[in-house]
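1. have a look at this prediction, sequence included:
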Amino acid sequence: MTALTLTERGLHRLTEGLPRPYWFLWAGLLINRTGSFIVPLMTVYLTRERGLSLIDAGGIVALYGVGSIAGTTLGGWLADHLGRRATLLLSLVSSSVVMVATGQARELSTISALVFTLGLTADLFRPASQALVADLVAPEYRVKAFGTQYWAINLGFAFAALVGGFVARHGFEVLFFADAATTLACAGVVFAGVPETRPERKAALEGSLITPFLDGRFVPFLVLSYATAFVFMQHLTSLPKDMTDKGLGPEAFGMALSANGILIVVLQPLILRVVTTGARGRPLALGALLTGVGFGTTAFAETLPLFVLSVAVWTLGEIVMAPVNSTVVADRAPAHLRGRYQGAFGLTWSLALVTAPIVSPRLIAATGMTAFWGLCFAACAVAALGYLVSLPAQTR
């Protein structure tokens, strides 16, 4: 068998079931994420460039999470009523404008309002994008579609983190404009190659924002999603504190966390082939258990290599769960409610982003860090069992 034949077979396996508009959306996401410089560095920008205290900066960053909650919810509603493509374009154009304005703001109140608005406008995108993929791709190819999309997001994000950190040493202003420019470039790609897939207006009027939360078969999935997301968000809250308490500096935390992006880019295509078939509950249970083991073993990590190992374990859980989560939502949601169902799912992660920094320090103060990591493992173990029980028959 020639190398060309092998390449053709590999290309066919990659693209099978994924139509041309999907690849336009994929390319737009890659461009957008490659320029996602600001949000990961927002705390650094606020403390270094604007002279805010860490407490004030943390409060403003939390406003981004609050805006994300509003944006995810509103984005799902708009995707069903205004249209998937229209919501994507609204999100991309408005967030690029807000991004530039944020970089020019100087007053604390103005920065706070703009950061909240940035979270809202940016996260209008997510439920509309996921609903669009569900519209374009047949059910048997959705895990592959969401997984390939997730891979592009992380590849772009890894590049942005590397370049953004270097450029930030010389000033942030160019990063704000570059971030906005790549967001607009994504809008151009979506406008050029992605069709509108809005459901019929009569169907879109059925249901409401709370419909997904009244779905008795969907609510358990949302609860389990929040539980695993809350544990996962510890990489932004409790993990850096634990490493600092054990004498490891910010550079060590950056090195440990870099293993997350590297493993996703390298392993996602390989693992994706394993999780595309079979019951949905099994890969989600495995992913939740790996997440719990990864964060649970952090209790025993004292050196950088052991922290890297724990990050590697919970990253495997993330790789397994991410494409299957979105597929479960797409499988469960009626076509005219896909935006709202994806918005409800995204809300669980936005809530985890907001609540983890508030709840985790109080739990750590009450139990101690070692016991806290044990609670993280226990929560994920219970979630794994919940996935097996609540999703036994969700197959291809």
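-> It's in. Numbering: from 1, shown residues only.

2. list the helices and strands the host helix or strand of L89 packs on?
-> Here L89 sits within helix 84-104, counting by DSSP states H and E. Judged by 3 or more CB pairs under 8 Å, 6 or more residues apart in numbering; DSSP states H and E, the packing partners of helix 84-104 are helix 54-81, helix 108-122, helix 125-136, helix 173-193. Backbone N, C-alpha and C define where each C-beta goes, glycine included.

3. can you tell which of the ones you listed is closest to K241?
-> Comparing the helices and strands packed on helix 84-104 against K241 with CB to CB, the closest turns out to be helix 54-81 (12.5 Å).

4. and L52, which of the three is it?
-> Under DSSP: H, G, I helix; E, B strand; the rest coil, the three-state class of L52 is coil.

5. that older thread, and the helix holding L89, which residues are buried?
-> Buried residues in helix 84-104, counted by 16 or more other CB atoms under 10 Å: 84-85, 87-96, 98-103.

6. now stretch 36-45
-> Buried residues in stretch 36-45 (16+ other CB under 10 Å): S36, F37, I38, V39, L41, M42, Y45.

7. single out whichever of those has the smallest pLDDT.
-> pLDDT is lowest at L41 among the buried residues of stretch 36-45; the value there is 75.

8. ok, it to Q104 distance?
-> L41 is 17 Å from Q104, where distance means CB to CB, to the nearest Å.

9. and the buried residues of stretch 36-45, which is closest to R340?
-> V39 (24.9 Å).

10. so what's the nearest residue to the closest one once chain neighbours are set aside up against?
-> Spatial nearest neighbour of V39, chain neighbours left out: Y64 (7.0 Å); criterion: CB to CB, 6 or more residues apart in numbering. By CB atoms under 8 Å, 6 or more residues apart in numbering, the contact list for Y64 reads V39, M42, V115, F116, L118, G119.

11. circling back: now the buried residues of stretch 36-45 as JSON lines including distance to V329 and secondary structure?
-> Below are those laid out as JSON lines (distance: CB to CB, whole Å; DSSP: H, G, I helix; E, B strand; the rest coil):
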{"residue": "S36", "distance to V329": "23", "secondary structure": "coil"}
{"residue": "F37", "distance to V329": "29", "secondary structure": "coil"}
{"residue": "I38", "distance to V329": "28", "secondary structure": "coil"}
{"residue": "V39", "distance to V329": "24", "secondary structure": "helix"}
{"residue": "L41", "distance to V329": "30", "secondary structure": "helix"}
{"residue": "M42", "distance to V329": "28", "secondary structure": "helix"}
{"residue": "Y45", "distance to V329": "33", "secondary structure": "helix"}
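
12. farthest pair within those residues?
-> S36 and Y45 (13.7 Å).

13. measure the closest residue to P240 other than its chain neighbours to T244 for me?
-> Of all residues not flanking P240 in the chain, F253 sits nearest, at 5.0 Å (CB to CB, 6+ apart). To T244, F253 is 8 Å away according to CB to CB.

14. look at those two and report which has more neighbours.
-> Under the neighbour definition other CB atoms under 10 Å, F253 and T244 were set side by side, and F253 has more, 20 against 13.

15. which secondary structure element is home to the more buried one?
-> Using DSSP H and E, F253 falls in helix 250-275.

16. likewise T348?
-> helix 338-367.

17. how about low-confidence regions in the stretch 151-300 of the chain?
-> 165, 200-207, 250, 273-279 (pLDDT under 70).

18. contact partners for the residue nearest the centre of the chain?
-> Closest to where the C-alpha atoms of the chain average out (CA atoms, centre = their mean) is W349, at 7.8 Å. By CB under 8 Å, 6+ apart, W349 lies in contact with S225, Y226, A229.

19. ok, of the residues you listed, which one's closest to P361?
-> Closest to P361, out of all of the contacts of W349 and judged by CB to CB, is A229, at 17.7 Å.

20. what residues are up against that closest one?
-> With CB under 8 Å, 6+ apart, A229 has these contacts: T348, W349, L351, A352, L353.

21. so the spatially closest residue to S53 that is not a sequence neighbour versus F116, what's the distance?
-> Distances taken as CB to CB, 6+ apart put T47 closest to S53, at 7.4 Å, once the chain neighbours are dropped. Counting by CB to CB, the gap from T47 to F116 is 19 Å.

22. who's more crowded, those two?
-> F116 (21 against 15).

23. measure that one to L351 for me?
-> 16 Å.

24. same deal with L306?
-> Taking CB to CB, one finds L306 at 31 Å from L351.

25. give me the more crowded residue out of the two.
-> The neighbour count for L306 versus L351, taken as other CB under 10 Å, is higher for L351 (20 against 15).

26. was I right about that one contacting Y226?
-> Yes - L351 is within contact range of Y226, at 6.2 Å (criterion: CB atoms under 8 Å).

27. where does confidence bottom out across the contacts of A229?
-> Comparing the contacts of A229 by pLDDT, L353 comes last, at 83.

28. residues near it, how many?
-> 23.

29. now swap in T315 and tell me
-> Neighbours around T315, by other CB under 10 Å: 23.
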